[in-house]
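Visitor: For reference, the sequence and a predicted model appear below.
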Amino acid sequence: MYLLNSTLKLSTILILVFSINSCREKDMSVNPNDDPSIINQRSKIYISSPEKYELWRQNSVYTITWAPYENQTKVRLELLKKGVVRHIIDEETENDGVYIWNIPNNIQNSNMYYIKIIKLDNPNYSYTSDDFSIRNF
């Protein structure tokens, strides 16, 4: 019984050491040119409003805020639900980090919305907010 436990522990240790060494040997670096979304994950670009799980109301005015893209003057703002564009907030707006949005009353109630901000000169570069809710009270 003791011999079996010792053998299992030794096997576990050897597997763990092998796994760690394998990770060290691989080139874990990422080339942002291979996947534009990686740049978004590593940059400081983020949408600060709406916040995660925040509740916004139809027929009300809210401020969408984000850290602007460098060297980009215009962006597109979209409202998405489950990855599908549900509403174009603005086709082309200044990339100044602030947009005042009067939410139309025809936006359906949902807790699965998020905002997507897209660079106009390169649509492969975009960023999405956390999910939030829009309701008609």
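Guide: Here it is on my side, so go on. All of these numbers come straight from a predicted model, not from anything done at the bench.

Visitor: tell me which residues form a beta bridge with residue 134?
Guide: Under DSSP bridges, the beta-bridge partners of residue 134 are residue 56, residue 110.

Visitor: Count residues in the vicinity of it, would you?
Guide: Neighbour count of residue 134, defined by other C-beta atoms under 10 Å: 25. All C-beta atoms are positioned from the backbone trio N, CA, C, and that covers glycine.

Visitor: That one is in contact with residue 57, isn't it?
Guide: Yes: using C-beta atoms under 8 Å, residue 134 is in contact with residue 57, at 7.3 Å.

Visitor: Residues that sit against both of these two, list them.
Guide: Residues touching both residue 134 and residue 57 (C-beta atoms under 8 Å, 6 or more residues apart in numbering): residue 103.

Visitor: CA atoms only: put stretch 56-64 into CSV for me.
Guide: Output of stretch 56-64 as CSV, limited to C-alpha atoms (Å, rounded to 0.1, in the frame of the first residue of the first chain):
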residue,chain,number,x,y,z
TRP,A,56,-30.5,51.7,-18.5
ARG,A,57,-34.0,52.8,-19.4
GLN,A,58,-35.7,53.4,-22.8
ASN,A,59,-36.5,57.1,-23.6
SER,A,60,-33.7,58.2,-21.2
VAL,A,61,-30.4,59.9,-21.9
TYR,A,62,-27.1,58.2,-20.9
THR,A,63,-23.4,58.8,-21.5
ILE,A,64,-21.3,56.1,-23.2
